[in-house]
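Peer 1: what's the 3D shape of this:
(one chain, ligands or ions: 1)
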Amino acid sequence: MNDTSSSVKATPRPFLGSWHRILHGLLRSTGQYAPRLRRSLLGLLFAAILQGLALACLFPLFDALLQARDGAATLFWLGALSLLAAAAAALRWYAQGFDFDGDMAAATHQLRTRLGEQLRRIPLEELQDRRSGDVNSALLGNVDENFNYVVTIADPLLSALLTPLVVAIAALLVDWRIGLSLLLISLAVIPLYLRQKPIYGAGTRKVAQANQLINAELVEYTQGLQVLRAAGREGEKASRLQDSFEHLRQVQIEDVKSEIRSSMLSSSIIELSVLLLVGLGIFWSLDGSLSLASLAAVLVIVVRFAEPLATFMNYSKVISIVEAALQRIDALLAIEPLPQRQPAQSPTGFEVRFEGVSFQYRQADRPALHELDVELPGNSLSALVGPSGSGKTTLTRLLMRHADPQSGTVRIGGVDIRHIQPEQLNRLISVVFQDVYLFDDSILANIRMARPDASDEEVEAAARAAHCHDFILRLADGYQTRVGDIGGRLSGGERQRISIARAILKGAPIVILDEPSAALDTESEVAVQRAIEALVRGRTVIVIAHRLSTIAAADRILVIEDGRLAEQGRHAELLAAGGRYQAMWQAQQQAKSWHLGEGH
Ligand SMILES: Nc1ncnc2c1ncn2[C@@H]1O[C@H](COP(=O)(O)OP(=O)(O)OP(=O)(O)O)[C@@H](O)[C@H]1O
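Peer 2: Numbers count the residues shown, from 1 in each chain. A predicted model of the protein is given here:
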């Protein structure tokens, strides 16, 4: 299931089947708290039944009071009614304990933790296929939606469904006509609910789509604002954004209209049936076939009936939200991690080999890598170069095992990486990304995240090696400076060096370095270059190189083109060969000289 939003479709399903699935989904996702939730829901179920029995006591109570004028019987039925009502209230208190006692919060926390673990286990390619919004809402929003609403909505739902049913059955004993009418009214909610559910589902889906569109437009607009302003063209994009706002407004109006129409219709049908029953009751009472006492009981009961039945309809919207949330969570939990081959093996050497590796992304129409054979010797720097889209990033992703190739083998130190345990593979490889993400924490913590047990001294040593120490000391609070306070003021080169410090601290024997494609200023460039030299010593380093000047010193240069290895060798050898590399080199030198020329 790639498009999780499609799973939100509220296709009409049998009434009990759909509820049964929601209940199972909930119990599954509450894990060890499931028994408590089950007891809470059972408590609510019995509370609704007891409430119905309490109401049914009105028939004999009114009979004893108005018809027989029997004080002892009146007292007896009053006592019975009170006891039943009190027991129902006590059960409700018990059920709400799921919220009050912190079980709900604990269950939410536990599920979130499970989802977090799952995020770490599932192949990263799966995550990239999913929009991050879906993952976020499964992880944050939906978890709360599940549990916050469960006990809160189960109470009125069960009361609306069961209480009338119990009263109706009891009424059958008093007067079959009244009993049957009550039974029909209480069962009428089921077809009304089934009719309304898809309407709510469709509306919710349309609003969600319109919101998603706005989010995407907003991101694009704010990111491009600088360029647009410079070109004096911010108005054009703004009008597109305005159009999306307008679209959302229309969709929301339609959604509300169709919902209100549908829920008004349902509640009107219920209210009218209740009025009809009152009319019939009065009629039967006038012709002498129904006692006044029973009529009085019916009048009190239907007042208690009508409202919960009508509001039941409004809860069908919440039910579809909970159902969609459960489906998203289930879909995320159902993703299998990549299979671990047995026996587990640990490499001793750190050279990397791709043997006949072919790989195609699931959504692509052609392979990203074709039977690639590549060897990256240990303790050396290999540079991957090639046009955009040639497969350089894909190659490094396969090495990190974000996905498995369809054919061929990736080996580290001769060991097929499918035999290496995920935690160990993670320890073997450091990645220095082009866009360095810094967390809103101190600089110290940002470097230490590579190895949480590292001492302050070790962090500082790594920072020194990565040529970060001096600029960190110039910050107001040195290593304790919070990134959030200075985020925008760190240059690209400084961020890159922090990322290199992380990699040095982690000490993994293999390093993947995605070189920044944007040019740094000369001073920064030199500092980053020195930091890289410190990182490279004694490791297997793979650089995705965008600017050839930085890789002239590489031990091996691999020219990747269209998912194949086009050329390989040292800089001088490749230049002499006069092939693709030489052409790329010349093009870049030319661009550089134009650039310099502009400066004059
Ligand atoms: N998640 C994905 N789903 C489908 N196709 C993808 C995905 N990621 C990359 N591709 C495709 O795979 C091919 C190789 O992409 P890759 O990112 O490995 O190239 P690259 O050489 O690293 O490019 P660049 O230098 O621009 O980063 C491209 O055709 C790209 O469009």
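Peer 1: care to break the protein down by domain?
Peer 2: The chain breaks down by automatic domain parsing into domains covering 14-333, 380-390+421-594.
Peer 1: which of these has the lowest mean pLDDT?
Peer 2: The weakest mean pLDDT among these belongs to domain 14-333, with a mean of 81.
Peer 1: show me where this protein has its strands.
Peer 2: Ranges of strands in the chain, per DSSP state E, are 352-359, 369-376, 381-385, 407-412, 415-416, 429-432, 510-514, 540-544, 556-561, 564-569.
Peer 1: need the ones you listed in TSV (columns: mean neighbour count).
Peer 2: Every residue, glycine included, has its C-beta placed from N, CA and C. Output for the strands of the chain, formatted as TSV (neighbours: other C-beta atoms under 10 Å):
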stretch	mean neighbour count
strand 352-359	20
strand 369-376	19
strand 381-385	25
strand 407-412	19
strand 415-416	16
strand 429-432	23
strand 510-514	23
strand 540-544	24
strand 556-561	21
strand 564-569	17
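Peer 1: adding distance to the ligand as columns, could you present these in TSV?
Peer 2: Below are the strands of the chain laid out as TSV (distance: least, C-beta to the nearest ligand atom, whole Å):
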stretch	distance to the ligand
strand 352-359	9
strand 369-376	8
strand 381-385	8
strand 407-412	15
strand 415-416	22
strand 429-432	14
strand 510-514	8
strand 540-544	6
strand 556-561	7
strand 564-569	12
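Peer 1: can you add distance to residue 175 and give those back as a markdown table?
Peer 2: A markdown table is the format used below for those (distance: least, C-beta to C-beta, whole Å):
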| stretch | distance to residue 175 |
| --- | --- |
| strand 352-359 | 75 |
| strand 369-376 | 79 |
| strand 381-385 | 86 |
| strand 407-412 | 77 |
| strand 415-416 | 79 |
| strand 429-432 | 78 |
| strand 510-514 | 80 |
| strand 540-544 | 83 |
| strand 556-561 | 86 |
| strand 564-569 | 86 |
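Peer 1: and of these, who's closest to residue 126?
Peer 2: Evaluated over the strands of the chain, closeness to residue 126 peaks at strand 352-359, with 14.7 Å, by C-beta to C-beta.
Peer 1: which strands and helices lie in contact with the closest one?
Peer 2: The helices and strands touching strand 352-359, judged by 3 or more C-beta pairs under 8 Å, 6 or more residues apart in numbering; DSSP states H and E, are strand 369-376, helix 392-399, strand 407-412.
Peer 1: that strand vs helix 392-399, what angle?
Peer 2: Between the axes of strand 352-359 and helix 392-399, defined by axes from the mean of the first three to the mean of the last three C-alpha atoms, to 10 degrees, the angle is 110 degrees.
Peer 1: mind listing what strand 352-359 pairs with, with the direction of each?
Peer 2: According to DSSP bridges, strand 352-359 forms sheet pairs with strand 369-376 (antiparallel), strand 407-412 (antiparallel).
Peer 1: same question for it, mean pLDDT?
Peer 2: Averaging pLDDT along strand 352-359 yields 96.
Peer 1: count the residues that sit near residue 454.
Peer 2: As a burial measure, residue 454 scores 19 neighbours (other C-beta atoms under 10 Å).
Peer 1: got the contact list for it?
Peer 2: For residue 454, the contacting residues are 448, 462, 505, by C-beta atoms under 8 Å, 6 or more residues apart in numbering.
Peer 1: ok so, going back, among the strands paired with strand 352-359, which is nearest residue 338?
Peer 2: Distance to residue 338, taken as C-beta to C-beta, is lowest for strand 407-412 among those, at 12.0 Å.
Peer 1: list the contacts of that closest one.
Peer 2: Identification of contacts with strand 407-412 by C-beta under 8 Å, 6+ apart yields 347, 349-358, 371-372, 398-399, 401, 416-417, 420, 425, 428, 510.
Peer 1: again, but for stretch 65-81
Peer 2: Contacts of stretch 65-81 (C-beta under 8 Å, 6+ apart): 54, 57-58, 60-61, 64, 291-293, 296.
Peer 1: would you mind naming what in this protein lies close to the ligand?
Peer 2: By C-beta under 6 Å from any ligand atom, the part of the chain that sits against the ligand consists of 128, 361, 363-364, 368, 386, 388-394.
Peer 1: apply the buried test to those residues and list what passes.
Peer 2: The neighbour-count test (16 or more other C-beta atoms under 10 Å) applied to the residues of the chain next to the ligand identifies 368, 386, 390-394 as buried.
Peer 1: looking at the contacts of residue 454, which has the most residues close by?
Peer 2: residue 462 (27 neighbours).
Peer 1: give me the distance between the nearest residue to that one once chain neighbours are set aside and residue 249.
Peer 2: Leaving out its chain neighbours, the residue that sits closest to residue 462 by C-beta to C-beta, 6 or more residues apart in numbering is residue 505, at 3.9 Å. Using C-beta to C-beta, to the nearest Å, residue 505 is found at 51 Å from residue 249.
Peer 1: most neighbours out of the contacts of stretch 65-81, which is it?
Peer 2: residue 58 (25 neighbours).
Peer 1: wait, that one sits on residue 302?
Peer 2: No. Taking contacts as C-beta atoms under 8 Å, residue 58 lies outside contact range of residue 302: 11.1 Å.
Peer 1: can you tell me which residues contact the residue nearest to residue 408 when sequence neighbours are not counted?
Peer 2: The spatially closest residue to residue 408, leaving aside those adjacent along the chain, is residue 357, at 3.5 Å (C-beta to C-beta, 6+ apart). By C-beta under 8 Å, 6+ apart, the contact set of residue 357 is 369, 371-374, 398, 405, 407-410.
Peer 1: apply 7 Å and report the result again.
Peer 2: Shown in contact with residue 357 (C-beta atoms under 7 Å, 6 or more residues apart in numbering): 369, 372, 398, 405, 408, 410.
Peer 1: who's it bridged to?
Peer 2: In this entry, residue 357 is beta-bridged to residue 372, by DSSP bridges.
Peer 1: how about the contacts made by the nearest residue to residue 438 once chain neighbours are set aside?
Peer 2: Leaving aside its chain neighbours, residue 438 sits nearest to residue 483 (4.6 Å; criterion: C-beta to C-beta, 6+ apart). Counting by C-beta under 7 Å, 6+ apart, residue 483 touches 438-441, 443, 446.
Peer 1: hang on, the earlier thing: Throw the strands paired with strand 352-359 into JSON lines and include distance to residue 83 and mean pLDDT, thanks.
Peer 2: Formatted as JSON lines, those follow (distance: least, C-beta to C-beta, whole Å; pLDDT from 0 to 100):
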{"stretch": "strand 369-376", "distance to residue 83": "75", "mean pLDDT": "94"}
{"stretch": "strand 407-412", "distance to residue 83": "72", "mean pLDDT": "96"}
